[in-house]
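Student: Predicted coordinates and the sequence they were generated for:
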Amino acid sequence: MKLHRTLLAALVSGALLAAPAYAAINPNKLGAAYDATKANVTFKVYSSKATRIELYLYSAATGSAEKARYVMTNTNGIWSVTIPTTTLSSQGLGGTLYYGYRAWGPNWPYNASWTKGSSVGFISDVDAAGNRFNPNKLLSDPYALELSHDPTTATMTNGTIYASGPLYRNIDSGASAPKGIVLAGDTQSIGVKPTRALKDDVVYEAHVRGLTMNDTSISAAYRGTYKGAGLKAAWLASLGVTAIEFLPVQETQNDTNDNDPASTSGDNYWGYMTLNYFAPDRRYAYDKTPGGPTREFKEMVKAFHDNGIKVLVDVVYNHTGEGGAWNNGDKTTYNIQSMRGLDNPTYYSLTADMQFSWDNTGVGGNYNTRNPIAQNLIVDSLAYWRDKLGVDGYRFDLASVLGNTCQHGCFNFDKMDSGNALNRIVAELPPRPAAGGSGVDLIAEPWAIGGNSYQVGGFPSGWAEWNGAWRDTVRKAQNKLGSEAITTGQLATRFAGSSDLYGDDGRKPWHSINFVTAHDGFTLKDLYSCNNKNNSQAWPYGPSDGGEDHNNSWDQGGIAADQRKAARNGMALMMVSAGVPMMVGGDEALRSLNCNNNPYNLDSTANWQGWTRTTDQNNFQAFTKAMIAFRKAHPALRPANFYSSVDNNGNVMEQLRWFKPDGGVADASYFNNADNHAIAWRIDGTEFGDTASAIYVAHNAWSAQVNFTLPWPGAGKNWYRVTDTCPWAEGASQVAAPGSEALVGGETTNYGLCGRGTLVLIAK
C-alpha cells in the first residue's frame with residue numbers, strides 16, 4: 001500500500017500528469033503479448049495482495065483441462081512470466097492460445113496439497129482487508145484483448161460455478177470460465193479519423209445489434225453485427241448523422257439471450273455489465289473466430305470514417321459485470337471472475353468494514369475509480385480503443401462515479417480533485433480542441449445514485465455532458481402545461497446553450513449534449529403518445545422491470561396529428577438550440593416501444609430498429625433529415641461561444657435578441673412570469689458568416705394559437721419560412737429546401753402560430 005500512497009500523492013500534486021501516470025509501476029504493458037519476432041509470449045497481471053498467482057494455458061476455450069501452468073514472479077505487484085513459443089508448441093499449444101489465472105492470498109493462502117475443487121488452505125471468503133482470493137475460480141485477465149466466450153452460454157448455463165460462499169466456493173470454474181485470447185496483432189486500417197469540432201456534430205445513439213437485426217436489405221448473416229452496422233454508414237451519412245454513439249460494445253454477458261427468445265429472464269440487451277474493458281463483444285461479430293471481433297470492429301470503424309462519421313462508444317467504468325452481493329446482508333457470496341479475485345480492494349470501492357461493495361449504481365458495487373491502479377486500467381483501455389480500434393470518443397455511463405474522491409467507506413464527487421479519474425482522463429487523453437482537430441470527445445452521463453452524484457453542469461473542464469436539464473425543461477414545457485411551471489426564461493437559457501451550467505467554469509455551449517430522449521426512457525414517439533410507462537406487457541414489447549415513473553410525457557389527448565406535431569417540435573428544438581443534438585436510433589422515423597420506457601432486457605424484434613416506413617414515418621424522416629441539413633448549413637446555430645446580447649459588427653443587430661410575441665424585447669419580468677408560454681429569438685447570421693443574414697425562431701408552448709409580430713430582419717431583407725411544425729404544413733416537404741423558402745414578410749408582419757408549434761424563418 002505504500003506504493004499506492006506514493007503514486008496517489010504524485011497524482012494529486014500533478015507531478016506525473018505530463019506522462020502516463022502509471023509509468024512508475026507499470027513500465028511495460030499489462031496483459032498478454034507476443035514479442036516482435038513471435039518467439040516468446042509474456043503474461044503480466046497486477047495484484048498488490050496476492051501471495052501466489054499461476055498462469056493456466058489452454059488449447060480450447062471450454063470443455064477441457066489446462067495444457068500447462070506456470071507460477072508467476074512478483075515484482076512490485078506486477079506478476080509476470082515469459083514463455084518461448086517453442087515450449088508452448090511442445091505442450092500442444094501451437095494454435096490459438098487461451099489463458100486464465102488462479103490466485104491465492106491472505107484469506108486463502110497457498111498450500112501445496114491444494115487441488116482444483118478442494119478447500120485446502122481456505123480461511124475465509126473475505127478477510128478484514130477485503131481480500132476475496134479463491135484458487136478454484138479461473139480468473140480472466142482484465143487486460144485480455146479478447147475473451148473466448150461469456151461466463152454462461154447456451155451449453156453452460158450454471159452461473160453458480162463462479163460464486164464464492166459456503167455453497168459454491170469449492171466449485172472449480174476452470175473448464176467453463178471465459179479465457180483470455182493472446183492476439184498476434186494486426187496493421188488493419190481504421191480509415192482517416194474525422195477531426196470535426198464537437199459543436200458541429202449530430203449524434204445518433206444506437207445499439208450495434210439493434211441497428212440492423214430487422215434490416216432485410218442486409219444479408220441475414222451480417223444482421224446484428226459490426227459488419228452489418230458498417231453497412232449502414234452511408235445511409236446514416238445521408239440522414240446527416242456525423243457521429244454514431246454505440247451502446248456498450250465491450251464484452252458483456254449476453255450469449256444466452258437467445259436461449260429462450262420469448263423470455264426476458266436474465267437477458268442483458270443494452271450491455272451495461274462489462275466483463276472486460278478491452279475486448280469487443282464477441283456476440284456482435286459475424287467472424288467469431290479468435291481475433292475476428294477485433295478485426296471486424298475495425299472494419300466497421302473504417303466504414304464510418306470513410307463516410308465522415310465519428311464512432312463514439314458508451315463505456316461503463318462505474319461498475320463491472322462481476323456485480324455485487326448475491327444476497328443482501330451476505331458478505332460471503334460474490335462472483336469471482338476477474339478483478340475481484342485478483343485484487344478486490346484495489347479494483348472495487350468497499351464499505352468501511354471492507355466486507356461489502358459500495359454502491360452508487362444500483363447494479364453492483366462501484367469500481368474503485370479513485371485508486372491509481374484501477375485508474376490505470378481505465379486510461380489504458382480508453383487509449384487502446386482510441387489508438388488501436390479507432391474510436392473517436394466516449395460516452396461515460398454514470399460518470400459521476402469517476403469523480404469520486406475516496407476509495408472505501410464513502411462517496412464524494414469533487415471536480416476540483418486533480419487525482420480523480422475524470423481529471424486524469426482529460427490529462428492523458430486530451431479532449432478535441434474547440435475548433436476541431438485530433439483528440440477525443442468526452443461525454444459524461446453526469447449523475448449516479450445517491451450522495452452528491454447528480455452533477456449536471458458540475459463536471460470539470462474538458463467534459464461535455466448529457467444535459468438532463470435541457471431534456472426536462474423542454475419536456476415539461478411541451479407536456480406539462482398547467483401542472484409544471486416552466487418559464488420562458490428557463491426555455492431561453494436552454495435554447496441558448498445553458499450558460500448557467502457551462503459558462504461559470506469556462507466551458508462552452510457545445511459541452512451541452514441536448515437530447516429529448518435517450519435509450520433509457522421513452523422513444524420520441526412514445527414521449528408524446530404515452531401518459532405512463534407500460535413495462536409489464538408481453539413479449540416482444542416486455543416485460544421489463546424498473547423504469548422511470550416521472551417521464552414528463554403526455555399523449556396529446558390521444559390525437560395522432562398532435563402527437564406527430566409534438567415530435568416535430570422536439571426534433572426541431574434540438575436542431576436550432578446551441579449545443580450538440582443527440583437523437584436515439586429510430587426516432588427519425590417515429591419508432592415506438594408501446595410505452596415501455598426501460599427495455600434493457602428486450603433482445604427482440606420490437607426493440608430492434610425497424611426499416612419499413614408508413615407514410616407518416618417517411619414524412620417525419622424527411623423532416624428530421626431536412627432539419628439536420630438546416631442546422632449543418634447554418635453556423636449561427638452552432639456557436640463556439642455563448643451568444644452575446646450586443647451588436648458586435650456594427651450592423652445595428654444584436655448577436656442574439658429575445659422577443660415577446662408582440663415583437664417587444666423580452667425582459668426579466670416576461671422571462672420570469674410562469675403565465676407566459678411563448679418566446680422567440682433572432683440570431684444575427686452575419687456575425688457567424690452564415691448564409692442567412694438572420695435566423696428567427698418562435699416557439700409557442702401555449703395550447704392555443706399565438707400571433708407573433710416579426711422583428712426587423714435587417715436592412716433590405718425579408719423573412720422567409722423554413723418550417724412551421726403545425727399540422728397544416730405536415731408532409732414530405734414540411735421543411736423548405738434551400739432557396740424554396742416561402743416569403744412571409746418584413747418587420748411588423750404578424751404570423752399566427754398554432755398552439756404548441758414552432759416556426760423557423762431566415763432573413764434574405
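Tutor: Great, that's in hand.
Student: Asp150 and Pro178: what is the separation?
Tutor: Distance from Asp150 to Pro178, counting by Cβ to Cβ, to the nearest Å: 6 Å. C-betas here are computed from N, CA, C, even on glycine.
Student: Which one of those two is surrounded by more residues?
Tutor: Pro178 (33 against 23; other Cβ atoms under 10 Å).
Student: which ones are touching the closest residue to the more buried one other than its chain neighbours?
Tutor: In space, and not counting its chain neighbours, Pro178 is closest to Leu147: 4.5 Å by Cβ to Cβ, 6 or more residues apart in numbering. Residues near Leu147 by Cβ atoms under 8 Å, 6 or more residues apart in numbering: Ser140, Pro178, Lys179, Gly180, Ile181, Glu251, Leu275, Asn276, Ala279, Arg282.
Student: Then Asp359?
Tutor: His319, Gly324, Gly365, Asn366, Ile449.
Student: where does it land on pLDDT?
Tutor: Looking at Asp359, its pLDDT is 96.
Student: For it, what is the enclosing helix or strand?
Tutor: Per DSSP states H and E, Asp359 falls between elements, in no helix or strand.
Student: Got phi/psi on it?
Tutor: phi -130, psi 110 (degrees, to the nearest 10).
Student: got it, and Lys476?
Tutor: phi -70, psi -40.
Student: swap in Val735?
Tutor: Note on Val735: its backbone torsions stand at phi -110, psi 120 [degrees, to the nearest 10].
Student: Quick check: it touching Val722?
Tutor: Yes - the criterion here is Cβ atoms under 8 Å, and Val735 meets it with Val722 at 6.3 Å.
Student: Mutual contacts of the two, please.
Tutor: Common neighbours of Val735 and Val722 (Cβ under 8 Å, 6+ apart) are Phe630.
Student: re earlier: partner residues bridging the residue nearest to Pro178?
Tutor: Gly180 (DSSP bridges).
Student: And it, how far from Ser453?
Tutor: As judged by Cβ to Cβ, Leu147 and Ser453 stand 30 Å apart.
Student: Then Thr256?
Tutor: For Thr256, the distance to Ser453 (Cβ to Cβ) stands at 32 Å.
Student: neighbours around Asn76, how many?
Tutor: 10.
Student: burial count for Thr473?
Tutor: Using other Cβ under 10 Å, Thr473 has 21 other residues around it.
Student: contacting residues around it?
Tutor: Contacts of Thr473 by Cβ under 8 Å, 6+ apart are Ile486, Gln490, Leu491, Arg494.
Student: Please apply the same query to Asn268.
Tutor: Thr252, Gln253, Asn254, Asn257, Tyr600, Asn601.
Student: doesn't Ser512 make contact with Ile443?
Tutor: No - under the criterion of Cβ under 8 Å, Ile443 is not in contact with Ser512, lying 10.4 Å apart.
Student: Residues in contact with both of those two, list them for me.
Tutor: Taking Cβ under 8 Å, 6+ apart as the criterion, Ile443 and Ser512 both touch Ala464, Glu465.
Student: quick revisit: looking at the contacts of Leu147, which has the most residues close by?
Tutor: Result: Pro178 is most packed of these (other Cβ under 10 Å), 33 neighbours.
Student: Report the buried residues of stretch 525-534.
Tutor: With burial defined by 16 or more other Cβ atoms under 10 Å, the residues of stretch 525-534 counted as buried are Lys525, Asp526, Leu527, Tyr528, Ser529, Cys530, Lys533, Asn534.
Student: how close does the fourth one sit to Asn750?
Tutor: Tyr528 sits 28 Å away from Asn750 when distances are taken as Cβ to Cβ.
Student: quick one on the thing from earlier: mind checking which of the buried residues of stretch 525-534 are in helices?
Tutor: Mapping these onto helices (DSSP state H) picks out Lys525, Asp526, Leu527.
Student: In CSV, list these along with distance to Asp500.
Tutor: Formatted as CSV, these follow (distance: Cβ to Cβ, whole Å):
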residue, distance to Asp500
Lys525, 31
Asp526, 30
Leu527, 24
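Student: among the contacts of Asp359, which one has the lowest pLDDT?
Tutor: Gly365 (92).
Student: Now it: closest residue in space, sequence neighbours ignored.
Tutor: Ser357 (2.2 Å).
Student: repeat for Cys726
Tutor: Cys726 sits nearest to Cys754 (Cβ to Cβ, 6+ apart), 3.9 Å away.
Student: What degree of burial does Gly450 show, as a neighbour count?
Tutor: 12.
Student: Equivalent analysis for Cys406, please.
Tutor: 15.
Student: Kindly list the main-chain dihedrals of it?
Tutor: Torsion angles, degrees, to the nearest 10, at Cys406: phi -130, psi 160.
Student: Can you tell me how far it is from Asp417?
Tutor: Applying Cβ to Cβ to Cys406 and Asp417 gives a distance of 10 Å.
Student: In which helix or strand does the closest residue to Arg424 other than its chain neighbours reside?
Tutor: Nearest-residue entry for Arg424: Gln375, 5.6 Å, with adjacent residues in sequence omitted and distances by Cβ to Cβ, 6+ apart. Following DSSP H and E, one finds Gln375 within helix 372-387.
Student: Output the longest helix belonging to this protein.
Tutor: Across the chain, the longest stretch assigned as helix under DSSP H is helix 615-633.
Student: Check which element follows it along the chain.
Tutor: The helix or strand immediately downstream of helix 615-633 is strand 656-659, counting by DSSP H and E.
Student: same for the helix or strand just after that next one, what does it pack against?
Tutor: Following strand 656-659 in sequence order, the next helix or strand is helix 668-671 (DSSP H and E). Other helices and strands packing on helix 668-671, by 3 or more Cβ pairs under 8 Å, 6 or more residues apart in numbering; DSSP states H and E, are helix 488-495.
Student: residues of the helix or strand that the helix it packs on is followed by that come out buried?
Tutor: Sequence order places helix 499-502 as the next helix or strand after helix 488-495, per DSSP H and E. For helix 499-502, burial by neighbour count (16+ other Cβ under 10 Å) applies to Ser499, Leu501, Tyr502.
Student: Now tell me what touches the helix or strand just after helix 499-502 from outside.
Tutor: Sequence-wise, the next helix or strand downstream of helix 499-502 (DSSP H and E) is strand 512-514. Contact partners of strand 512-514, identified using Cβ under 8 Å, 6+ apart, comprise 203, 443, 464-467, 470-471, 494, 497-498, 501-502, 574, 577-582.
Student: Brilliant, that's me finished.
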